[in-house]
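Undergrad: Need coordinates for the below:
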Amino acid sequence: MKLIKMAKENVSSVLMDIQTVIGGTLEVIGNNKVLKVDNSLAKGEIRALHLFGRIEALIYDITFFEEINYSIIEKDTNLLYFLFFHKGFILQKSKVEENYITLKELHHNLFYLKKEFEHQSRLPANVHLQYIVINTSLLLEINDIDKPFLLNEAFRNYITTNLENGYFHDAGGIDIGVNNIAKKLWDDQSSGVLEQLQMHSTVLQILVSQIRYFENTFLARISTTQKEYWKEIEAIDRFINLHIDKNFNLKDLQLSTGINGNKLQQIIHKTYGLTANKYILKLKMDFAASLLLNPSLNISDVCYRIGFNNRSYFSKKFLEYTGKSPSEYKKSHFG
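TA: Numbering: from 1, shown residues only. Next up, the predicted model:
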């Protein structure tokens, strides 16, 4: 097990801290850096991108042969960061939390840090990791403009209202289009100028698409939901999305959120117009649709990754939800 401790200044400093522990060669390409590693500790690369202003990204395409533990102090306040997992998983928690949560394949995670904050991550051994972390303060503080860039005021107020322990975390929320956009980051690892510009463009598309998804989801809630429901809704959605690959039941959801059965049903129906079971099924089908766009996964893989044990039953429910069978849906996107 290796430990990496850092007080993060920017993505370049993260890359250098990682290099001191796992070795490798650091290459500089314009304002960007890439750490290439092929030794007994790891194989692959991590890219640090400075896009513009205060928007930065780390792109991981690497396998660690030993478990790597991060302890990161985020110095930047009012920081928004977004994680997208294309392959693999990591475990993450804040310093004050007892248990890690698992952030896994094709999950979308939005974190908002209100103050200096320490979080801890475990990167597993012998798991191929492909994920991206996008950091920005530009979304939240621009002195010359009345409205923050990209982030609307209602969504920003929602985040700040729900801050606990100095940070807000919203997990899940499947924007199907992001998976196709993100795939470009790992399909083309060329280092030329045009390729770097393409990579920057792809990162910005991911950021804009995912924030738009979160905002639209939030605005759909706010039209039918009073302020006192916000924390319950966030807790419900977080549990479902973080356990979407499990065959959980409503009792599990009640125990995790601390919301009793009747109130749970009322909140979900008032917010989404669905019963709790139908809402859970909707999120699972949305996730399945995203997974089916991954050419490396077959239908059985997708079935099991949304917590279904029976492929026929999964196909039946997917057909009811989308109007297409899983194979027809896959074919419509890949031909």
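Undergrad: how about the helices of the protein, start to end?
TA: Using DSSP state H, the helices found in the chain span residues 11-22, 153-161, 176-187, 193-222, 230-242, 250-257, 261-272, 276-292, 299-305, 311-322, 326-334.
Undergrad: so how far is Met6 from Leu51?
TA: 21 Å (CB to CB, to the nearest Å). (C-beta placed from N, C-alpha, C; glycine too.)
Undergrad: Give me the most central residue, this protein.
TA: Residue closest to the average C-alpha location in the chain (CA atoms, centre = their mean): His108, at 2.4 Å.
Undergrad: Surely it touches Tyr213?
TA: Yes: using CB atoms under 8 Å, His108 makes contact with Tyr213 at a distance of 7.5 Å.
Undergrad: buried ones in stretch 17-32?
TA: Neighbour-count burial for stretch 17-32, with 16 or more other CB atoms under 10 Å as criterion, is recorded at Asp17, Ile18, Gln19, Val21, Ile22, Gly24, Leu26, Asn32.
Undergrad: And stretch 65-82, by the same measure?
TA: In stretch 65-82, counting by 16+ other CB under 10 Å, buried: Ile68, Tyr70, Ile72, Glu74, Asp76, Asn78, Leu79, Leu80, Tyr81, Phe82.
Undergrad: could you dump it to CSV, C-alpha only?
TA: Taking C-alpha atoms only, stretch 65-82 is exported to CSV below (Å, rounded to 0.1, in the frame of the first residue of the first chain):
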residue,chain,number,x,y,z
PHE,A,65,-0.3,-2.8,-9.0
GLU,A,66,-0.5,-1.8,-5.3
GLU,A,67,-3.3,0.0,-3.6
ILE,A,68,-2.8,3.7,-3.6
ASN,A,69,-4.2,5.9,-0.8
TYR,A,70,-4.6,9.6,-1.4
SER,A,71,-5.0,12.2,1.4
ILE,A,72,-5.7,15.5,-0.3
ILE,A,73,-6.3,18.9,1.3
GLU,A,74,-8.2,21.1,-1.1
LYS,A,75,-6.9,24.6,-0.5
ASP,A,76,-9.2,26.3,-3.0
THR,A,77,-12.6,27.4,-1.5
ASN,A,78,-15.8,27.6,-3.5
LEU,A,79,-14.4,24.8,-5.7
LEU,A,80,-16.6,22.8,-8.0
TYR,A,81,-15.3,19.5,-9.2
PHE,A,82,-16.8,16.7,-11.3
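Undergrad: Low-confidence stretches in this protein?
TA: 138-150, 165, 172-174, 176, 188-192, 221-228, 334-335 (pLDDT under 70).
Undergrad: One more pass at 50, please.
TA: Within the chain, the stretches with pLDDT under 50 are 144.
Undergrad: that older thread, redo the buried residues of stretch 17-32 as CSV? Include distance to Gly177.
TA: Shown next, in CSV, are the buried residues of stretch 17-32 (distance: CB to CB, whole Å):
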residue, distance to Gly177
Asp17, 33
Ile18, 30
Gln19, 34
Val21, 36
Ile22, 33
Gly24, 33
Leu26, 33
Asn32, 25
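Undergrad: hmm, which two among those residues are most spread apart?
TA: Longest distance between any two of the buried residues of stretch 17-32 is 21.1 Å, between Val21 and Asn32; criterion CB to CB.
Undergrad: count of residues packed around Ser256?
TA: 16 (other CB atoms under 10 Å).
Undergrad: Report the contact partners of it.
TA: Ser256 makes contact with Ala235, Phe239 under the criterion CB atoms under 8 Å, 6 or more residues apart in numbering.
Undergrad: Over to Asn152?
TA: Residues near Asn152 by CB under 8 Å, 6+ apart: Glu215.
Undergrad: same thing with Leu123?
TA: Phe64, Glu67, Ile68, Asn69, Tyr70, Ile90, Leu129 are the contacts of Leu123 under CB under 8 Å, 6+ apart.
Undergrad: and which of those is nearest His243?
TA: Closest to His243, out of all of those and judged by CB to CB, is Ile90, at 16.3 Å.
Undergrad: was I right about the closest one contacting Ser121?
TA: Yes: with contacts counted by CB under 8 Å, Ile90 reaches Ser121, the gap being 5.4 Å.
Undergrad: Between the two, which has more neighbouring residues?
TA: Neighbour count, other CB under 10 Å: between Ile90 and Ser121, Ile90 has more, with 21 against 16.
Undergrad: which strand residues sit across from that one in the sheet?
TA: Leu103 (DSSP bridges).
Undergrad: Contacts only, for Glu67.
TA: By CB under 8 Å, 6+ apart, the neighbours of Glu67 are Met1, Lys2, Arg122, Leu123, Pro124, Ala125.
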